[in-house]
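Novice: sequence isn't available, so here's the structure alone:
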């Protein structure tokens, strides 16, 4: 058993502590948690957020009672809190991104804050987050990129493993209990890309957090499951990898940390990450050449192989569909000169001026745009290679730029001022008191020194 993938991962989670972290991990986790709290708060401003909160009220049947920091009944059970919180966190597609892994931060943060662990110190939260994040990444690497290309949504199918690892750390599960929890969560994995552009897409994130909390609590209560869920015929990797598995994905476990290499992306734009490089390119050309929509006769985007696959809505009618429409975001970037939370209302997507610009886009995948992996055998949709965007103008010019690393990525990171501005925008979208909300931002900057994270959240946003 000690040689199995499942056992090796469980042993890593149980035996690793904050003292084992290399320099830089803690700072990265603090940035991620601050970003995630902001997007969770903002999530209530979208339809998915409103409806998941309505669902929680109906389930709990506690109108007018005490509420938690999310605005849902304080009587809600942990798995429901995790479901709601992580759905809120992914509702606007403004949460983090990690190549080949999806959006783990909302899942991890929501699962940990949902557990009845009080007081929860900042140090314990950071420790469990970093270890859960690494477990999440390693399972994603085990199944490989073919899993996503098949149509699975990795955030949902793999995120439960990260959530259960983080939860197990806070609940002090031993390695046997954690192997059981992995076995349970392996049978809960689901989520397909056909639901991109609908409210069920952020629900995927909520389900992953819920599954992790549920599996960890069941294991703690004595439930049983396969102890080697990741291994062998009909195991999780065998079923989900579609022949693209990487059994060496755990070989440097504990020596290499995804939080540092490649590092997470804090999104600048609240939409599918596969759109971020073309957005950057269009905004750059628009600004550098002082272009107006009337100057443009065509926008040509050449993308890496697999780079356009998640962008399934070519004629979006809703704001949610617009988040997965390259035609829409290019048109909005040309018309508005920015992409913000306000870009993704139903009204914004259906503006006549937008509809006139959308047919100008010519987008195709081109193997030369991913020279290191031209068939995308081992690459994610939003990273690797480059996008080359050319704008043709009415006066015959062809203006071209390339974007390899989008804004917010580790090679082109958001500044602290950017993060503060993003947090403020999230507060405004949520209708929260800005002064109290920014006090929360400042408090979370000192996360390692907080003795009770729950009390900090509740006092700042009540």
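Specialist: All right, it came through fine. Just so it is clear, the model here is predicted, and its values are computed rather than measured.
Novice: residue 445 contacts residue 31, correct?
Specialist: No: in this structure residue 445 lies outside contact range of residue 31 using CB atoms under 8 Å: 9.3 Å. Every residue, glycine included, has its C-beta placed from N, CA and C.
Novice: looking at the two, which is more packed in?
Specialist: Shown here are residue 445 and residue 31; by other CB atoms under 10 Å, residue 31 has more neighbours (22 against 15).
Novice: mind listing the strands for this structure?
Specialist: Counting by DSSP state E, the chain has strands at residues 296-303, 361-365, 387-393, 398-403.
Novice: list the buried residues of the second one.
Specialist: Judged by neighbour count using 16 or more other CB atoms under 10 Å, the buried positions of strand 361-365 are 361, 363, 365.
Novice: and the angle for that strand with strand 296-303?
Specialist: Here strand 361-365 points in a direction 10 degrees away from that of strand 296-303 (axes from the mean of the first three to the mean of the last three CA atoms, to 10 degrees).
Novice: before we move on, what about the last one?
Specialist: Angular relation of strand 398-403 and strand 296-303 on a 0 to 180 degree scale: 30 degrees, by the same axes, to 10 degrees.
Novice: low-scoring stretches of the stretch 1-150 of the chain, by residue?
Specialist: 1-2, 62-65 (pLDDT under 70).
Novice: any chance you could map the helices in it?
Specialist: Here the stretch 1-150 of the chain has its helices, by DSSP state H, counting those that start in this stretch, at 5-15, 25-42, 47-60, 78-90, 104-114, 122-143, 146-149.
Novice: list the buried ones in the third one?
Specialist: What it means is helix 47-60. Buried-residue list, helix 47-60, by 16+ other CB under 10 Å: 48, 49, 52, 53, 56, 57, 60.
Novice: return the distance of that helix from the chain's centre.
Specialist: In terms of CA atoms, centre = their mean, to the nearest Å, the centre of helix 47-60 is set 21 Å apart from its chain centre.
Novice: again with stretch 312-326
Specialist: Distance, stretch centre to chain centre, for stretch 312-326: 19 Å (CA atoms, centre = their mean).
Novice: which of the residues in it are buried?
Specialist: 312, 313, 316, 318, 319, 320, 321, 322, 323, 324, 325, 326.
Novice: wouldn't the third one be in contact with residue 346 here?
Specialist: No: no contact is recorded between residue 316 and residue 346 when judged using CB under 8 Å, the distance being 9.4 Å.
Novice: from residue 300, how far out is residue 43?
Specialist: Distance of residue 43 to residue 300, computed by CB to CB, to the nearest Å: 35 Å.
Novice: do the same with residue 171
Specialist: As judged by CB to CB, residue 171 and residue 300 stand 53 Å apart.
Novice: next: residue 76.
Specialist: According to CB to CB, residue 76 and residue 300 sit 50 Å apart.
Novice: with neighbour numbers in mind, choose between the two.
Specialist: residue 76 (21 against 16).
Novice: contact partners for that one?
Specialist: Counting by CB atoms under 8 Å, 6 or more residues apart in numbering, residue 76 makes contact with 56, 59, 60, 68, 84.
Novice: of those, closest to residue 94?
Specialist: Of all these, residue 84 has the smallest distance to residue 94: 16.9 Å, by CB to CB.
Novice: so the closest one sits against residue 56, correct?
Specialist: Yes: assessed by CB under 8 Å, residue 84 is found in contact with residue 56 at 5.0 Å.
Novice: ok so, going back, Throw the strands of the chain into CSV and include mean pLDDT and distance to residue 7, thanks.
Specialist: Shown next, in CSV, are the strands of the chain (pLDDT from 0 to 100; distance: least, CB to CB, whole Å):
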stretch, mean pLDDT, distance to residue 7
strand 296-303, 98, 40
strand 361-365, 97, 40
strand 387-393, 98, 42
strand 398-403, 98, 42
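Novice: name the stretch among those strands that sits most buried.
Specialist: strand 387-393 (a mean of 21; mean count of other CB atoms under 10 Å).
Novice: name every strand pairing with that one and say which way it goes.
Specialist: Partners of strand 387-393 in the sheet, by DSSP bridges, are strand 296-303 (antiparallel), strand 398-403 (antiparallel).
Novice: for the ones you listed, give me TSV that also has distance to residue 418.
Specialist: Below are the strands paired with strand 387-393 laid out as TSV (distance: least, CB to CB, whole Å):
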stretch	distance to residue 418
strand 296-303	25
strand 398-403	17
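Novice: so which residue of the protein lies furthest out from the middle?
Specialist: Distance from the C-alpha centroid of the chain, by CA atoms, centre = their mean, peaks at residue 395 (41.5 Å).
Novice: look up the closest residue to residue 281, ignoring the ones flanking it.
Specialist: Counting by CB to CB, 6 or more residues apart in numbering, residue 389 is the residue found nearest to residue 281 once chain neighbours are left out, at 3.7 Å.
Novice: quick revisit: quick one: which of the buried residues of strand 361-365 is nearest to residue 376?
Specialist: Residue 376 has its nearest neighbour among these in residue 365, at 8.6 Å by CB to CB.
Novice: coming back round to it: I'd like the helices of the stretch 1-150 of the chain as TSV, with distance to residue 232 appended.
Specialist: Formatted as TSV, the helices of the stretch 1-150 of the chain follow (distance: least, CB to CB, whole Å):
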stretch	distance to residue 232
helix 5-15	9
helix 25-42	32
helix 47-60	37
helix 78-90	29
helix 104-114	26
helix 122-143	13
helix 146-149	18
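Novice: deepest-packed of those, please.
Specialist: It is helix 104-114: most buried of these by mean count of other CB under 10 Å, with a mean of 32.
Novice: how near is residue 93 to residue 179?
Specialist: Relative to residue 179, and taking CB to CB, residue 93 is found at 34 Å.
Novice: and what of residue 363?
Specialist: Residue 363 is 45 Å from residue 179, by CB to CB.
Novice: one more: residue 325?
Specialist: Distance from residue 325 to residue 179, counting by CB to CB: 42 Å.
Novice: wait, doesn't residue 313 sit right on residue 344?
Specialist: No: at 11.8 Å, residue 313 does not count as touching residue 344 under the criterion of CB under 8 Å.
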